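>>> return a 3D structure for these sequence lines:
(one chain, ligands or ions: 1)
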Amino acid sequence: MSDLRFDPVSGHWTVIAGNRNNRPVEFLSAERVRKRLICPFCGGNEQETPPTNIMYASDGSQVDSNVDEHGNENEGWSTRVVSNKYAAFGSIDSLVERKQDAEEGQDNPLEVGAGKVAHGPYIRSALPGPQELIIPSRRHISSVSSLYDNELKVLFRANQDRLNTLRDCNVAKHAMLFMNCRSEAGASLEHIHLQLIGSPVISDHLKNRVERNRLHLDSHKETLMSALLKWEIAKKTRIIYQAKYFTVVCPYASRFPFQVWIVPNDPSVSFLEIDEDVRDELAYMSRDVIRRLEEALDNPSYNFLMHMAPFGQMAADHWYMEFFPRTTRAAGFELGTDVWVNPIAPELAAKRLRS
Ligand SMILES: [Zn+2]
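Numbers count the residues shown, from 1 in each chain. Below you'll find the model as predicted:
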């Protein structure tokens, strides 16, 4: 069982992921153990994962799941979406079922506001969020930098589709789309995959961000990120490059060395609604950013994620993507204060990444 718990002292939500002890330990095991493992994400090994939720051919069209007697897909696919077998949360399907049960009065975790229930002096969420894996290639590849153009395009289409599905299911208040790549970034398997988690709670951190954006928009008639972008474009020192729809920049107060943002030039359309040509540019730029980071930092572990406001509150928000190569670790000061020490100025990082 996994559990979403609130600490009233720190104000942090924590996922207690009790069912993850049996996760594959590819990165932690010796090389000989790794060789014996079958990669569950490679084409032909589909029986090793939960069934396909949706899959796409290399031209971006949807392909119907069609499994053989072993549970492997007969059809070729480019991007495949499955529920997370070792979910810290739950699957979209189980959540939709529980929500329907709740509406029929069989079990009513939704009755206490936002699925939250009191537990002595604490709060926990009675309604876990759904979690899916989006596998961007049937080839065994270990970084986004190795994705082909068509795989990238299909991947970002799948990302957009699944986010829209999650929003329409109405079982989550907020979605987080992210990738952990390589062991230092928290990946348990080498074959790259995105994770989509729908959260039933909105953290204080996120609430504060949305509120800061809203206040700025109300008083300045433009998003906070638009104001920052204008300044950065004028100053040039932290800009890596600009394209038709997006700008790549190292953030002014980077918490980590070589932290990178890809920011849409036009904040008025959320990622859920952007057109195909905009989406394709974002896909290519994401790979380009990772190639630059790999070149500059000798193939680091990295995380990247998409920052979006909670569903229903996206109008005031300026969504963006953020990339974190993992070169530093939290130490006592960071753990105690939540203030990070970054040994590489973002101006220097941007200069390295431009070249
Ligand atoms: Zn694989």
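
>>> what sits against residue 158?
54, 56, 79, 81, 134, 136 (C-beta atoms under 8 Å, 6 or more residues apart in numbering). Just so you know, the C-beta spots here come from the backbone N, C-alpha and C atoms, and that holds for glycine as well.

>>> what do you get for residue 254?
Contacts of residue 254 (C-beta under 8 Å, 6+ apart): 342, 344, 346, 349.

>>> wait, which of the residues you listed is closest to the ion?
Among those, residue 349 lies closest to the ion (C-beta to the ion), at 31.5 Å.

>>> please confirm that the closest one is located within a helix.
Yes - assigned with DSSP: H, G, I helix; E, B strand; the rest coil, residue 349 falls within a helix.

>>> how close does it get to residue 184?
18 Å (C-beta to C-beta, to the nearest Å).

>>> looking at the two, which is more packed in?
residue 349 (25 against 16; other C-beta atoms under 10 Å).

>>> I'd say the more buried one and residue 248 touch.
No - in this structure, residue 349 is not within contact of residue 248 by C-beta atoms under 8 Å, at 11.6 Å.

>>> residue 138 in helix, strand or coil?
Residue 138 - assigned by three-state DSSP - is coil.

>>> that one and residue 75 touch, don't they?
No - counting by C-beta under 8 Å, residue 138 sits too far from residue 75 to count as a contact (10.7 Å).

>>> neighbour-wise, which of these two wins?
residue 138 (22 against 12).

>>> quick one: name the residues of the protein near the ion.
39, 41-42, 140, 191 (C-beta under 5 Å from the ion).

>>> ok, the residues you listed vs residue 171, which is closest?
residue 41 (25.3 Å; C-beta to C-beta).

>>> surely the closest one and residue 139 touch.
No - using C-beta under 8 Å, residue 41 is not in contact with residue 139, being 9.7 Å away.

>>> show me which of those two is the more surrounded one.
Applying other C-beta under 10 Å to residue 41 and residue 139 shows that residue 41 carries more neighbours, namely 23 against 14.

>>> quick one: residues contacting the closest residue to the ion within the stretch 151-300 of the chain.
Residue nearest to the ion within the stretch 151-300 of the chain (C-beta to the ion): residue 191, separated by 3.3 Å. Each residue near residue 191 by C-beta under 8 Å, 6+ apart is listed here: 39-42, 135, 140-142.
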